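J.: I would like to see how this sequence folds:
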Amino acid sequence: MLKSLRLSARVAYVSVLAWTGCLWWAKRQLRRSGAVITLAFHRVLDESSFAKTNSLQGILVKEQTFRELVAHVTRHFQPIALEDAIPGKPSQKIKVAFTFDDGWRDNYTVALPIARASGLPFTVFVCPGLSGRIEPFWPEHAYSLLRALRKEQNDSEIVAMIEGLKHLPSEERERYLASLREEAILHQVMPQPSGEDRVLSSAEIVEMAKSGVSFGSHTHTHQILTTISMESVELELAQSKLAIEKLLGRPCTTLAYPNGDWSPEIAHIAGRVGFRTAVTTQRGAWTQASDTLAIPRSYVCEAGVTGLHGGFSPAMLEYKVFWLAWRAMKRPNNSIAWMLSRRSEARS
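T.: The predicted model follows:
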């Protein structure tokens, strides 16, 4: 009930923004400033896979929603490859770059055919050390374990627990997950990995690259970089860059920080390793003033771009992507303050 009321209030607010011309004004300012809006996706799933996956709802978009979203963006805006984006030059339409984190197999089976039919370029950030595996990322495993063991907790409480685990040191998090596995085995409720949750194989990455998809690094094994030593950060970045370049036979110069977590020291290491651009999950628009090793992105998931009846909503997309990016541009550009606020939220 509360969730429905919040959505109704948000829809009403977006309607007011559109009716008063505020949303139009924000888009006009973005276009005139030459800003690039970078979208951050993870997974695009058909209805069946959407129901079966162990991935959190916050990283999912349904196939039909994505199809309509792509049609709207290609009709009204200017899709551009991330690697070709140069902010600062005013344009007739707002420039929009599509990116995908983690390298899920559905990027190949579901997203690629839709993008190809629309001539839409996109970039996938992969972890070469995890290629081809089922449930290679711990949040899916943690979700299935907690859902089996904590039946008294609702989904939002389980998601909150997983978000908290993201900011623990990796050793402490693994100890907790190991204890959950022992408990599941003891109670004979050990869940099986979902076949829906596989990441791209090396062969699929090569095939996608041949069709024009760009690839960047998401580190080698998806370590949250702010929770490991700087020596490990450099190893994760260098290994992933080398592996991708060896696989594709071309330079890999773009990075996406896992979970969006970074620091100035980590960005410095990324530049030293050879990355020219790096993207975060900090909300905002990519402008001439942006640090190219801390490029903002607009996070996209099913709940953020659908309306009251569950279908794709152009107004909700434009609020989520353009209005919020423009608002972020109006605030002082303080990436470090944003990063510290993320850590504070995680501890609270």
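J.: please make it C-alpha for all contacts and neighbour counts, starting now.
T.: Noted.
J.: return the per-residue confidence for A51.
T.: Looking at A51, its pLDDT reads 91.
J.: neighbours around it, how many?
T.: 10 (other Cα atoms under 10 Å).
J.: the one 4 residues further on now?
T.: Other residues within reach of S55 by the criterion other Cα under 10 Å amount to 23.
J.: what about the protein, any weak spots by pLDDT?
T.: 1-2, 331-348 (pLDDT under 70).
J.: quick one, strands of it?
T.: Here the chain has its strands, by DSSP state E, at 36-41, 43-45, 60-62, 78-79, 95-102, 122-126, 214-217, 254-256, 277-279, 298-299.
J.: the first one packs against which elements?
T.: Pointing back at strand 36-41 there. Strand 36-41 sits against strand 95-102, strand 298-299, with contacts defined as 3 or more Cα pairs under 8 Å, 6 or more residues apart in numbering; DSSP states H and E.
J.: likewise for the third one?
T.: The helices and strands touching strand 60-62, judged by 3+ Cα pairs under 8 Å, 6+ apart, are strand 43-45, helix 47-52.
J.: what lies in contact with that strand?
T.: 41-47, 50, 300-302 (Cα atoms under 8 Å, 6 or more residues apart in numbering).
J.: likewise the fourth one?
T.: Residues from elsewhere that reach strand 78-79, judged by Cα under 8 Å, 6+ apart: 73, 93-98, 120-121.
J.: helices of the stretch 151-300 of the chain, residue ranges please.
T.: 155-165, 170-186, 202-210, 230-248, 264-273 (DSSP state H, counting those that start in this stretch).
J.: quick one: which of these is nearest R133?
T.: With Cα to Cα as the measure, helix 202-210 is the member of these nearest R133 (10.6 Å).
J.: now do that closest one against helix 230-248, angle only.
T.: 70 degrees (axes from the mean of the first three to the mean of the last three Cα atoms, to 10 degrees).
J.: any idea what T38 is bridged to?
T.: Note on T38: beta-bridge partners by DSSP bridges are A97.
J.: any idea how far it is from R276?
T.: In this view, T38 and R276 are 16 Å apart by Cα to Cα, to the nearest Å.
J.: and K89, what does it touch?
T.: By Cα under 8 Å, 6+ apart, the contact set of K89 is 32-35.
J.: in helices, which of those residues fall?
T.: 32-33 (DSSP state H).
J.: redo the contacts of K89 as JSON lines? Include neighbour count and distance to E196.
T.: Shown next, in JSON lines, are the contacts of K89 (neighbours: other Cα atoms under 10 Å; distance: Cα to Cα, whole Å):
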{"residue": "R32", "neighbour count": "16", "distance to E196": "42"}
{"residue": "S33", "neighbour count": "17", "distance to E196": "41"}
{"residue": "G34", "neighbour count": "23", "distance to E196": "39"}
{"residue": "A35", "neighbour count": "28", "distance to E196": "36"}
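J.: would TSV of the contacts of K89 with distance to W104 be doable?
T.: Output for these, formatted as TSV (distance: Cα to Cα, whole Å):
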residue	distance to W104
R32	35
S33	34
G34	31
A35	28
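J.: N54: which of the contacts of K89 is nearest?
T.: Using Cα to Cα, the contacts of K89 come closest to N54 at A35, 35.5 Å.
J.: so H141 touches E135, yeah?
T.: Yes. Look at H141 against E135 with Cα atoms under 8 Å: they come within range, at 6.8 Å.
J.: list residues touching both of these two?
T.: P193.
J.: mind listing what's buried in stretch 258-270?
T.: 258-262, 266-267, 269-270 (16 or more other Cα atoms under 10 Å).
J.: stretch 83-103 too?
T.: Quick answer for stretch 83-103 (16+ other Cα under 10 Å): 83, 85, 87-88, 93-103.
J.: how much space separates T221 from S170?
T.: Separation of T221 from S170 (Cα to Cα) stands at 12 Å.
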